[in-house]
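Chemist: Fold the following and give me the result.
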Amino acid sequence: MHVEEAIGALLTVASSVFPPDEDHQSSPEENQRKLIQCLNKILRERGFSVDTKLYDKASPPVKCKVLIYAAASANLEQARAFRSYASRGLKIDATIVEAVCATMATPSFFPPFTIGPEKRKEAFVGAPLGANNPIQELLKEAEAVFGRDGRVSLILSLGLSGSLTISTNPPGFTKQALGTVKALAADCERVAKELSSRLCNVDAHLRISVNFEQDDAKLDDWSIITSIESEANRYLATQSGSATVDACLRLLQERIGTVTLQRINSVNAAKTNCKSVPEVSPYFVIRSKVWGPMVDHLIESTLPLRKILAITGMGGCGKTQMVSYFIEQYHDLYTHVVYVDAGSLSTIKANLQDWVRSLGGGHEQDVWEEALLFLAQGPHDGKWVLILDNADNPDIDMGPFLPQCSSGTILITSRNRNVGNELATLELELGEMEPDEAMSALLKASRRQPPLPQEELNDAQTLVKELGSLALALVLAGTYCYQRSSAQNGVLQEFTFTEYLEALRTSGMLPLMDQQEPSGLDSYQRGVYTTLNLSYAMLPEAAQKLLHLLSCFYHSGICLAIFSIAARRNFVDPLKIVNRPDQHEEIITNLKNILHHEGVWNDQAIQETIRTLRSFSLVSVGTISNTLFLHLHPLVHHWVQDSLKLQMRDLNRSMSVQIVTAVTRISDPRVYQYFLPHIIHIHENINTQDLHVIDQIVHAGILADQGRYRLAISLLRKALSSLEETLGPDHRDSIFVANNLAASYNDDGHYDEAEKLRLEILRRRRASLGFEHPDTIRAMANLASTYHSQARLRDAEALNLEVLELRMRILGMNDPDTIASMNNLAFNYNSQGRWNDAEPLQSDVLAWNLEKHGPSHHGTISAAINMSRTYASQARWEGATNLQTTALQYSKDVHGLDHPQTIITMETLASTLSSQGRLSEAENVASDVVKTRERIYGRGHHTTVNAVHILASIYSSQEKWPEAEELFLEVLQRKIENTGGDHTKDMVVENDLARVYASQGRLDEAAKLRVRVLEHARSKLGMDHPNTMIAESNLASDYSSQGRHLDAEKLLHSLLKRQQRLLGKDHPITLTTENNLALSLLGQKKLARAEAIFSPIAEEV
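Modeler: Just a heads-up that it's a prediction; the model follows:
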């Protein structure tokens, strides 16, 4: 049939089985009868018998092979094939009519259709889910028919996307039938999107998908066909649609397969949640000088030791492709292949973590360190390969990311030659290609077949020399020639190397690009830059603009979902503080021009633009869990930034800032695992002083949430200065930012700065709003919190009492703010050890929440946890654990395992179990908390670091000294990274680490740490702070253990005087210090002085 005839026959079948004028639903049996009658009629009209077989051995073979699928009722998940050609294996001997009825036998519309001889009949019930759009099954069948090495020119997927809302009450259709239709449509679209994502790097795959939307469509409304036709014609007339059709025709004419069926199906089957090895380019050429030694060292060598191969060389020489080709050839030798983008610390850790979690089987919450542990100790006999790609940064030590074992294979690619010198068992340097290799790469990329005409060959050889025989430059040149070639009157007119060489020599920059070539380029980079300029000139404007924008992000792992979220939100600011300048509209307009299609985000349109960039080898695409990630070669990334005019560079960087701002939702930390490296990269390449106040505040919120307090404080300082200058210090927006800054100071341990700022905020509130305004009272509560952090517990108590009294009088006992004040005062009493004072307040808070919200509300759960901590402090273990386990169950049921409140409840339970000596149970809970926080927030997030600290403390209580030491060191290093080593909370970790050292007899190391803790405490907190006095007591204990009794005596004598003044002579802590002083005197045989101290203590006892 011709296309028009086929469409007519399809409409005839549909309208005959489901007549539009029927107002009742026919039975499935009646529908089947009408279907068979209609099919018989069509066959007779075209001169065929109604018993014509789908495959008839006697008939001459035809070029076109037909394949349709149906599911047997005995196994609904398996797709059974009906073929019009010979094949191996089980065959279904069916007529054309039987095959159509089998694949149409969808429940609700048709009954099962039976095929086969009497005693071997099989019943079929339509296509199984996943095969309603059968392209994946088709690809598997093609490999079976044409072989795994069969090359594919074109995979064409036709579809309809968009929103088609079917009427909820279509005449003549039951709810079951309607549900079936919707399930079929959803299944088709799901498969199409999944395949589009997985085959994103396969040039042969093209999808023509017409976007069609209609509300309240009816199943018997055949006029929709006309509307769909009109929309299809409109789509084909667009630049995108026309280009796709041209690409289809071109691929069909050339019949040059660039990818094998084996590779397509291996990509299609790879349902992975981790980063995979980049695809081998269809233009790859083996580099013989490197390949031989590479295989000899990694494969032929029988040495049992771990093999570390470093491939170094300039950017664009093909290092990653050599590794990819090696993995493709020897994949079967390895149980595990782990690919890591080693360009930054964040990507190294993220890629390792994603890989180990993709293993499943209990690894779903593992962290990156456990990936290395698995490789070092797992059940794989060392048959693994770890790839550290783009390890170019000399400031990143790769040593910690190598599994600590003597087996396995590690491949490193780097532009830094020192990497090979330091780590590798063999280093290979990859430079320019050999002449024959370079020529082969150029021909492959341009899809040209030798032999070439002599003049063309001479110019190709000249072109190879001018491009420095650099792989990336040759591929760019070849793909350019291919893209410039065109079909005229059915004949392919090739863009010759002669033409390219002329263009190369006369090329100029486009208006948007800088006229001056960047300084410092070597001859190889210059060759790449020149070819990039030519390729850029051929890009449509939409592709050029997207490339500019992508270059402002980190070059690898650019998550397309970030752009999608921002575009769907119309790039709107999440805060309304200060009006943006008028020129900001230009940024929004440019973003919409790049990322909107006809006013909205359109997946297909943006993927067409990405396809264009890929066709010129300017970007590559990868997927993780069906999420698209874009990657720019580092040299391409630098070229775009180097080449853009300053004005265009600034505009695009401003657009990247706006995307960060628009996407941000502080309560959604999951985005940050892909987002944070790009935020850091953007801030490294802009002057943050020039950021708008909204951007400074929003970005500071992200950074503070990730524990990057120094960066957050820097941004908030700038924002506050700007607001105070323009709006005045008393404006609500200025005070809002001042509050945020004070909170960051407090979180960062800069309590004096926090106190100073919060005192100033309180003064302003009182001056402008009065003493009893809610905002003034809130400022008092915030100041009390800072006093508490400074261990000024009496001052905090006085303020908390004042806040509570005001709120009770103004708001009443049942106001939420009053309840919050009661909770704060109880927390203060707990910190003073006044548990009997705290308990009634917490009991009232818990009762209020139970009455107001019920047992499952987050406020009730939080109140129960606070109450349980008081019980635990009083050693009322049963009451504490009962409250915590009940609260944990409610939190899990209502909020889920990943909710912050669930995690906090688990942390509290772990601490309580540890205090009871139930250390094994505590360890299990704490380990789960660490894994959950790591999965959600990342290993370096401050909440994760705190969770690791708790786990390390439990290891210490179990006397697992090596495990405790390792974790304490990690916690200390991460806290120093986030705070610069100037945080008072670092002292707690150092003190815990010192205890571990002392318990192992490493007294000198312990004493050095304790000296540092004491010096820090005295300078930051003052002599009278409780933490300073604890540090003195600990150091004195270490001195006594070392036999340094005189040093211990000096410390304890000074400490005792202050404790007697601050706590009183009869306080238990004072008496303990007196006892320790007496022991240090005994150690020096100063018996009389020791006795003078011991006697009053004995009498007191």
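Chemist: Can you pull out the low-pLDDT segments for the stretch 1001-1101 of the chain?
Modeler: Of all residues in the stretch 1001-1101 of the chain, those with pLDDT under 70 make up the ranges 1094-1101.
Chemist: Please list all residues in contact with the spatially closest residue to residue 146 that is not a sequence neighbour.
Modeler: When the adjacent residues along the chain are set aside, residue 146 lies closest to residue 261, with 6.4 Å between them (Cβ to Cβ, 6 or more residues apart in numbering). Where you see a C-beta, it was placed from the backbone N, CA and C, and this is true even at glycine. The contact partners of residue 261, by Cβ atoms under 8 Å, 6 or more residues apart in numbering, come to 139, 142, 143, 146, 147, 148, 149, 150, 151, 152.
Chemist: Please identify the buried residues of stretch 1073-1092?
Modeler: 1073, 1074, 1076, 1077, 1078, 1079, 1080, 1081, 1082, 1083, 1086, 1090 (16 or more other Cβ atoms under 10 Å).
Chemist: wait, the third one sits on residue 1038?
Modeler: No - Residue 1076 is beyond contact range of residue 1038, at 11.9 Å (criterion: Cβ atoms under 8 Å).
Chemist: which two from the buried residues of stretch 1073-1092 end up farthest apart in space?
Modeler: In the buried residues of stretch 1073-1092, two members sit farther apart than any others by Cβ to Cβ. They are 1073 and 1086, at 16.8 Å.
Chemist: what helix or strand is residue 658 on?
Modeler: With elements delineated by DSSP states H and E, residue 658 resides in helix 646-663, which encompasses its position.
Chemist: For that helix, which residues meet the burial criterion?
Modeler: Of the residues in helix 646-663, those with enough neighbours to count as buried (16+ other Cβ under 10 Å) are 648-649, 651-663.
Chemist: so what secondary structure elements neighbour the next helix or strand after it?
Modeler: Moving toward the C-terminus from helix 646-663, the next helix or strand (DSSP H and E) is helix 672-684. Here helix 672-684 touches helix 345-358, strand 558-559, helix 560-568, helix 646-663, helix 693-705, going by 3 or more Cβ pairs under 8 Å, 6 or more residues apart in numbering; DSSP states H and E.
Chemist: Nearest approach to residue 156 belongs to which of those?
Modeler: Closest among these, once you apply Cβ to Cβ, is helix 560-568, at 23.4 Å.
Chemist: Helix or strand next in line after that closest one, which one?
Modeler: Scanning forward in sequence from helix 560-568 by DSSP H and E, the next helix or strand is helix 584-595.
Chemist: just checking, what packs against that following helix?
Modeler: The elements that helix 584-595 packs onto, with contact taken as 3+ Cβ pairs under 8 Å, 6+ apart, are helix 541-550, helix 560-568, helix 646-663.
Chemist: and with 10 Å instead?
Modeler: Here helix 584-595 touches helix 541-550, helix 560-568, helix 603-615, helix 646-663, going by 3 or more Cβ pairs under 10 Å, 6 or more residues apart in numbering; DSSP states H and E.
Chemist: Format those as TSV; extra columns: mean pLDDT and distance to residue 81.
Modeler: Compiled in TSV, the helices and strands packed on helix 584-595 are given as follows (pLDDT from 0 to 100; distance: least, Cβ to Cβ, whole Å):
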stretch	mean pLDDT	distance to residue 81
helix 541-550	94	40
helix 560-568	89	35
helix 603-615	85	30
helix 646-663	92	45
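Chemist: What residue spans form the domains of this structure?
Modeler: Taking automatic domain parsing as the domain assignment, the record places the domains of the chain at 1-128, 136-271, 279-429, 435-537, 542-668, 1007-1101.
Chemist: Cheers, nothing more for now.
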